[in-house]
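Enquirer: Here is my input, please return the structure:
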Amino acid sequence: MQDWPATILDQIATETHFDRADIKCFSLRPSDLNAMVRQAVARNPNGEALVCDDIRLTYHQLDAQIDAIAAGLAEMGVTKGDRVALLLSNGPEFLVVLLASLRIGAVAVPINVREQTPELKEILNDSGASVLFHDAGIAQKLPSQSDLPALQNRFSVGGTSAGSQDYETLAASDFALVPVSVEEEETAVILYTSGTTGRPKGAMLTHLNIIHSAMHFELCMELGAGERSLLAVPASHVTGLVATLFTMLRTAGCSVIMRAFKADEFLALAAREKVTQTLMVPAMYNLFLLRCEVADYDLSYWRIGGYGGAPMAQSTIEELSEKLPDLVLVNAYGSTELTSPATILPLGLGATRSDSIGIAVPCAEIRVVNAQGRDVGSDEHGELWIKGPMVVPGYWNNPEKTAQEFHNGFWKSGDIGSRDIHGFVRLHDRSKDMIIRGGYNIYSAEVENTLTAHIDVIECAAIGQPDPVLGEKLHVFVHTNNPAFDVAAVKAHCAAHLADYKTPDFVTFSADPLPRNANGKIVKKTLREMV
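Expert: As a prediction, this is how the structure comes out:
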């Protein structure tokens, strides 16, 4: 049975949190996120904490900016438990406002800048945010003040906008900041799910949750002093927030921030800033392999290449191994409700276990259950139920969904997976995305992974199309730039690698990218509506 080293497991003890018994926790951990930041400042005061464009902040300088914004918030009446919304793109202000909110005991509510006015209205009202920080360039999307009765103050970052105060004026306060104590089970951040299946749900990420996830990344990826992680995904998403920003704070490392991902700029920045670790979606790795000459960049410091959110094609893994032989690929599986990782592939197994999302992180317990909620055997398919200190206590202001998705301390993921006798977990599909064709289960992820390996496929998605005889047939959407790539080629490729019933019945080609939500995930609901 594959497991983590004893040096990690020896740090774990059983505790009770959120009225859930027998949760494995790290015994030696910061008491809360504010304590974690203070530890980083003490360990590395003159080291770089943040790099973005021409802005470089040491931990001492970052701490001073956090204090200034925290004092400004406190002076205007923001108190413990109040919600502070961040409609901010990647940049220094995001991290400063985030940590300033926590410093006064407030709850940060990061929101993806790609959300539109109706979604913003829903999230801001549901969270009850009293303060909003927003990019000046997206002010036109903001709901009117009359639609947001709880919102008292707006601050514009990166320019002025009507109805909002200038962010720079907030930091000009000489208000005496009084330290605020928080409990580790208190909510630190509310992250709203994408809402593709209905009303967005606000997952309550506690101090305990985030600290354990940051420690899981630190220990399982063997991160230490001097780490430099490149933030290429949105900071408002759980991956950017936890896997990069909070993990670097845990290690007293540096977050190198990209405002938006571009393949050539990513490689240039990684080389210039001597980046050591990343965590991105596979599509980002594909893009720089397709568009750039990797050999033109000095990436010798880049040691850990984490990925998640989608399968990585074997062809991509092989090309990365060839062009970046010193880069260790690490698959990580998680979600907003898990505060990021529930499984991580141990270092060095990226080539031999590329079909796996890894093993349970040290403090996680994972069950694979059938429709009746009973555990299944090795290699049998079932829904993944996950327990641990990184599992959120529930959804903000939504007891009904909390009751539906959490059971006896476990979060019911809705993901179909399996686990072999060695403990390696494989992810097969979302339960709602599984296609049943004539009684046979077709996991869309398997079809998508197979097709993505084809040289002419940029991205693809598989859905079920209703059929009066078979129940469902398989319909794939393919984004390609090759007009000669046709249905016959798609079917031939799948037939060579998959069982015959997994060969697509229908294919829709597109020269444009497939529809995605604000978090960058392909929206299969839209594809089903098209069918």
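
Enquirer: can you pull out the strands in the stretch 351-500 of the chain?
Expert: 359-360, 365-369, 382-387, 406-407, 410-419, 425-430, 435-437, 440-442, 459-467, 471-479 (DSSP state E, counting those that start in this stretch).

Enquirer: Export those strands to CSV and append columns for mean neighbour count.
Expert: Backbone N, C-alpha and C define where each C-beta goes, glycine included. Formatted as CSV, those follow (neighbours: other CB atoms under 10 Å):
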stretch, mean neighbour count
strand 359-360, 24
strand 365-369, 18
strand 382-387, 23
strand 406-407, 17
strand 410-419, 21
strand 425-430, 21
strand 435-437, 17
strand 440-442, 18
strand 459-467, 20
strand 471-479, 21
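
Enquirer: and those strands, which one is worst for confidence?
Expert: Comparing mean pLDDT over the strands of the stretch 351-500 of the chain, the weakest stretch is strand 440-442, at a mean of 76.

Enquirer: Let me see the backbone angles for the closest residue to residue 170 other than its chain neighbours.
Expert: Spatial nearest neighbour of residue 170, chain neighbours left out: residue 72 (3.9 Å); criterion: CB to CB, 6 or more residues apart in numbering. When read as degrees, to the nearest 10, the backbone of residue 72 gives phi -60, psi -40.

Enquirer: So which of the strands of the stretch 351-500 of the chain is nearest residue 126?
Expert: strand 406-407 (18.8 Å; CB to CB).

Enquirer: And the pLDDT at residue 469?
Expert: Looking at residue 469, the pLDDT reads 66.

Enquirer: nope, residue 178 is what I meant
Expert: Turning to residue 178, the model gives it a pLDDT of 88.

Enquirer: Tell me where the stretch 201-350 of the chain has helices.
Expert: Ranges of helices within the stretch 201-350 of the chain are 207-220, 238, 247-251, 263-272, 282-291, 314-323, based on DSSP state H, counting those that start in this stretch.

Enquirer: Save the ones you listed as CSV, and put in mean pLDDT and distance to residue 78 too.
Expert: CSV is the format used below for the helices of the stretch 201-350 of the chain (pLDDT from 0 to 100; distance: least, CB to CB, whole Å):
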stretch, mean pLDDT, distance to residue 78
helix 207-220, 98, 18
helix 238, 94, 24
helix 247-251, 98, 22
helix 263-272, 97, 34
helix 282-291, 87, 36
helix 314-323, 90, 45
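
Enquirer: Please produce JSON lines containing these, extended by mean neighbour count.
Expert: JSON lines is the format used below for the helices of the stretch 201-350 of the chain (neighbours: other CB under 10 Å):
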{"stretch": "helix 207-220", "mean neighbour count": "26"}
{"stretch": "helix 238", "mean neighbour count": "26"}
{"stretch": "helix 247-251", "mean neighbour count": "25"}
{"stretch": "helix 263-272", "mean neighbour count": "17"}
{"stretch": "helix 282-291", "mean neighbour count": "18"}
{"stretch": "helix 314-323", "mean neighbour count": "16"}
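
Enquirer: Reformat those helices as CSV; add distance to residue 118.
Expert: As requested, those are exported to CSV (distance: least, CB to CB, whole Å):
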stretch, distance to residue 118
helix 207-220, 29
helix 238, 23
helix 247-251, 33
helix 263-272, 32
helix 282-291, 27
helix 314-323, 36
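
Enquirer: quick one: least confident helix or strand in the protein?
Expert: strand 440-442 (a mean of 76; mean pLDDT, DSSP states H and E).

Enquirer: Measure how far that strand is from the centre of its chain, please.
Expert: 29 Å (CA atoms, centre = their mean, to the nearest Å).

Enquirer: Parallel or antiparallel, list what pairs with it.
Expert: Taking DSSP bridges as the criterion, strand 440-442 forms sheet pairs with strand 435-437 (antiparallel).

Enquirer: so the residue nearest to residue 170 makes contact with residue 175?
Expert: Yes. Using CB atoms under 8 Å, residue 72 makes contact with residue 175 at a distance of 7.0 Å.

Enquirer: hmm, back to that, can you lay out the strands of the stretch 351-500 of the chain as JSON lines showing distance to residue 264?
Expert: Below are the strands of the stretch 351-500 of the chain laid out as JSON lines (distance: least, CB to CB, whole Å):
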{"stretch": "strand 359-360", "distance to residue 264": "35"}
{"stretch": "strand 365-369", "distance to residue 264": "39"}
{"stretch": "strand 382-387", "distance to residue 264": "37"}
{"stretch": "strand 406-407", "distance to residue 264": "44"}
{"stretch": "strand 410-419", "distance to residue 264": "34"}
{"stretch": "strand 425-430", "distance to residue 264": "31"}
{"stretch": "strand 435-437", "distance to residue 264": "38"}
{"stretch": "strand 440-442", "distance to residue 264": "38"}
{"stretch": "strand 459-467", "distance to residue 264": "20"}
{"stretch": "strand 471-479", "distance to residue 264": "21"}
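
Enquirer: To residue 211, which of those lies closest?
Expert: Nearest of those (CB to CB): strand 382-387, 17.0 Å.

Enquirer: looking at the sheet around residue 153, what are its partners?
Expert: Beta-bridge partners, per DSSP bridges, of residue 153: residue 131.

Enquirer: got it, and the one 4 residues further on?
Expert: The residues paired with residue 157 through beta bridges, assigned by DSSP bridges, are residue 135.

Enquirer: That one: how many residues sit nearby?
Expert: 24 (other CB atoms under 10 Å).

Enquirer: With residue 506 instead?
Expert: Using other CB under 10 Å: residue 506 sits among 14 other residues.

Enquirer: Quick check: chain neighbours aside, which residue is closest to it?
Expert: Residue 506's closest residue in space is residue 475 (CB to CB, 6+ apart), at 4.2 Å.

Enquirer: Isn't the one you found up against residue 463?
Expert: Yes. Contact criterion CB under 8 Å: residue 475 and residue 463 qualify, at 5.4 Å.

Enquirer: Please enumerate the shared neighbours of the two.
Expert: Common contact partners of residue 475 and residue 463 (CB atoms under 8 Å, 6 or more residues apart in numbering): residue 531.

Enquirer: Could I get the pLDDT score of the residue sitting nearest the centre point of the chain?
Expert: Nearest to the mean C-alpha position of the chain, by CA atoms, centre = their mean, lies residue 239 at 2.6 Å. Here, the pLDDT recorded for residue 239 equals 94.

Enquirer: ok, the residue nearest to residue 506 to residue 430 distance?
Expert: 16 Å (CB to CB, to the nearest Å).

Enquirer: How about residue 15?
Expert: 31 Å.

Enquirer: now swap in residue 274 and tell me
Expert: 38 Å.

Enquirer: One more: residue 59?
Expert: 40 Å.

Enquirer: what do you get for residue 234?
Expert: From residue 234 to residue 430 the distance is 21 Å (CB to CB).

Enquirer: now do residue 174
Expert: For residue 174, the distance to residue 430 - CB to CB - is 52 Å.

Enquirer: Also residue 493?
Expert: Distance, residue 493 to residue 430, using CB to CB: 23 Å.

Enquirer: can you check residue 201 too?
Expert: Taking CB to CB, one finds residue 201 at 16 Å from residue 430.

Enquirer: can you list the domain ranges for this structure.
Expert: With domains defined by automatic domain parsing, the chain comprises 6-425, 434-530.
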